[in-house]
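J.: Take this sequence and fold it.
(one chain, ligands or ions: 1)
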Amino acid sequence: MTTATARAHPNIALVKYWGKRDEELMLPAAGSLSLTLDAYATTTTVSLEPSAAGDRFALNGAEADAGQAERVTRFLDLVRSRAGSTARAVVRSHNEAPTGAGLASSASGFAALAVASAAAYDLDLDREELSRLARRGSGSATRSLVDGLAIWHAGDDDASSFAEPLEGPAMSMIIVTVDPGQKKISSREAMRRTARTSPYYTAWVDSTARSLEEMAAACRAGDFTRVGEITESNALRMHAAIQASDPPIRYLRSASLAVFDAVEQLRADGVEAYATADAGPNVVVISRPEDARAVSRHLAGHGEISIVGAGPGAQLITEEDC
Ligand code: 2P0
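T.: Below is the predicted model of the structure:
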């Protein structure tokens with residue numbers, strides 16, 4: 001019987017992933033690019049229980065709900081089939097993100113689960129293979145295997161869809177939690193609806209593929225300004241495509257738009273900051289590290305604020321044979 005513990009951090013995309021070309025293999029419609037954070041870690045322990053009838057999954061000390069437990073079991077089934085094992089597992093996961101900040105993400109969760117379960121089931125996988133494995137749990141988890149800036153190549157099959165590191169300018173992220181409430185519609189469901197009903201979906205996928213190329217070039221050139229400009233336009237394009245769904249889905253609230261306004265004002269005042277937002281109302285602002293304090297002061301009053309930076313990809317912490 002083997003136990004393994006891994007730790008992973010969430011990531012925030014600068015070029016977003018929104019839409020799948022293959023739901024089974026979890027292949028994205030386009031590539032994406034993100035920064036793995038140095039905060040809000042998920043720590044997950046997987047312990048094999050060969051005599052147990054089923055898996056068990058506890059999140060933050062409480063038994064997870066049926067939907068979450070089933071998603072974990074489906075993921076473990078993949079790991080078991082590769083390892084040639086039928087042993088069930090107990091999975092205990094602890095999330096450091098405040099609930100509702102929009103950061104208690106499946107990215108850190110499935111990245112930590114991929115690393116811990118691969119070790120517990122004795123699969124010898126390198127980082128690229130772990131990134132591919134994490135992808136099967138949740139798309140954004142693909143990128144949380146990588147330190148700092150990560151580019152997730154869309155790929156056209158299981159082997160070619162993984163994330164790898166890339167160089168880029170130093171940056172800070174200022175997270176503005178304007179509304180700590182849970183989102184009503186999951187990313188997965190909203191992606192399906194966008195792909196099925198939004199007349200802008202094809203344009204979104206095409207433009208994201210182009211933005212990704214331009215973003216990768218801006219990162220390699222260390223061009224913070226261009227990185228910021230692409231980040232903000234890509235986020236607004238994603239929300240435009242989502243909002244055009246039928247029935248519409250609108251994640252950005254007036255409080256979110258007020259942060260976009262404040263960021264525009266900062267730029268007019270000579271401080272370079274750019275805004276992005278995921279599938280919820282909260283806004284993440286990027287700046288050069290030396291400007292982060294000034295940006296957070298300017299945004300005070302818009303919500304709870306935290307400043308984060310680049311963090312490590314998912315790592316194995318302990319492994320023991322019992
Ligand atoms: C991203 N998001 O690139 C985008 C931007 C949210 C908005 O990836 O269905 O939880 O598990 O692959 O990864 C959120 O979607 O969805 C997401 P699944 P996931 O970060």
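
J.: so where's the stretch 201-322 of the chain shaky on pLDDT?
T.: Where the stretch 201-322 of the chain drops to pLDDT under 70, the residues are 322.

J.: For it, just list every one of the helices.
T.: Using DSSP state H, counting those that start in this stretch, the helices of the stretch 201-322 of the chain run over 201-220, 224-243, 254-268, 292-299.

J.: Also the stretch 51-200 of the chain?
T.: In the stretch 51-200 of the chain, the segments counted as helices under DSSP H, counting those that start in this stretch are 66-83, 106-120, 127-137, 187-197.

J.: so what secondary structure elements neighbour the last one?
T.: In terms of contacts (3 or more CB pairs under 8 Å, 6 or more residues apart in numbering; DSSP states H and E), helix 187-197 is packed against helix 201-220, helix 224-243. Glycine gets a C-beta too; all of them are placed from N, C-alpha and C.

J.: returning to that earlier point: what's the most buried one of the helices of the stretch 51-200 of the chain?
T.: A comparison of the helices of the stretch 51-200 of the chain by mean neighbour count, using mean count of other CB atoms under 10 Å, puts helix 106-120 on top with a mean of 29.

J.: S47 is in contact with T5, isn't it?
T.: No - in this structure S47 lies outside contact range of T5 using CB atoms under 8 Å: 9.4 Å.

J.: just to revisit the earlier point, and the helices and strands packed on helix 187-197 as TSV, adding distance to the ligand?
T.: Formatted as TSV, the helices and strands packed on helix 187-197 follow (distance: least, CB to the nearest ligand atom, whole Å):
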stretch	distance to the ligand
helix 201-220	10
helix 224-243	6
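
J.: Same list (those helices) but as CSV, adding mean neighbour count and distance to I317.
T.: Listed next are the helices and strands packed on helix 187-197 as CSV, based on neighbours: other CB atoms under 10 Å; distance: least, CB to CB, whole Å:
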stretch, mean neighbour count, distance to I317
helix 201-220, 18, 29
helix 224-243, 20, 32
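
J.: closest one to A69 among these?
T.: helix 224-243 (28.4 Å; CB to CB).

J.: The closest residue to G31 other than its chain neighbours and the ligand, how far apart?
T.: Using CB to CB, 6 or more residues apart in numbering and skipping the chain neighbours, the partner closest in space to G31 is A154 (4.2 Å). A154 sits 12 Å away from the ligand, taking CB to the nearest ligand atom, to the nearest Å as the criterion.

J.: Same question for E189.
T.: For E189, the distance to the ligand - CB to the nearest ligand atom - is 9 Å.

J.: S108 now?
T.: Distance, S108 to the ligand, using CB to the nearest ligand atom: 11 Å.

J.: Help me confirm that that residue comes into contact with T42.
T.: Yes - contact criterion CB under 8 Å: S108 and T42 qualify, at 3.9 Å.

J.: where do the contact lists of these two overlap?
T.: Shared contacts of S108 and T42, defined by CB atoms under 8 Å, 6 or more residues apart in numbering, are found at A8, H9, P10, N95, A97.

J.: By pLDDT, rank those and give me the bottom one.
T.: Model confidence across the shared contacts of S108 and T42 bottoms out at A97, which has 85.

J.: For burial, what's the neighbour tally of that one?
T.: 19 (other CB atoms under 10 Å).

J.: pretty sure it is in contact with S106, am I right?
T.: No - between A97 and S106 there is no contact under CB under 8 Å: 11.4 Å.

J.: Mind putting the helices and strands packed on helix 187-197 into TSV with distance to R293?
T.: Below are these laid out as TSV (distance: least, CB to CB, whole Å):
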stretch	distance to R293
helix 201-220	24
helix 224-243	17
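
J.: Please name the residues that touch A112.
T.: A112 makes contact with A6, R7, A8, T42, T43, T44, S93, A314 under the criterion CB under 8 Å, 6+ apart.

J.: do the same with A258
T.: Listed by CB under 8 Å, 6+ apart, the contact set of A258 reads V178, H302.

J.: Contact residues of the protein facing the ligand?
T.: Proximity of the chain to the ligand, by CB under 6 Å from any ligand atom, involves residues 13, 16-18, 32, 106, 138-140, 187-188, 278-279.
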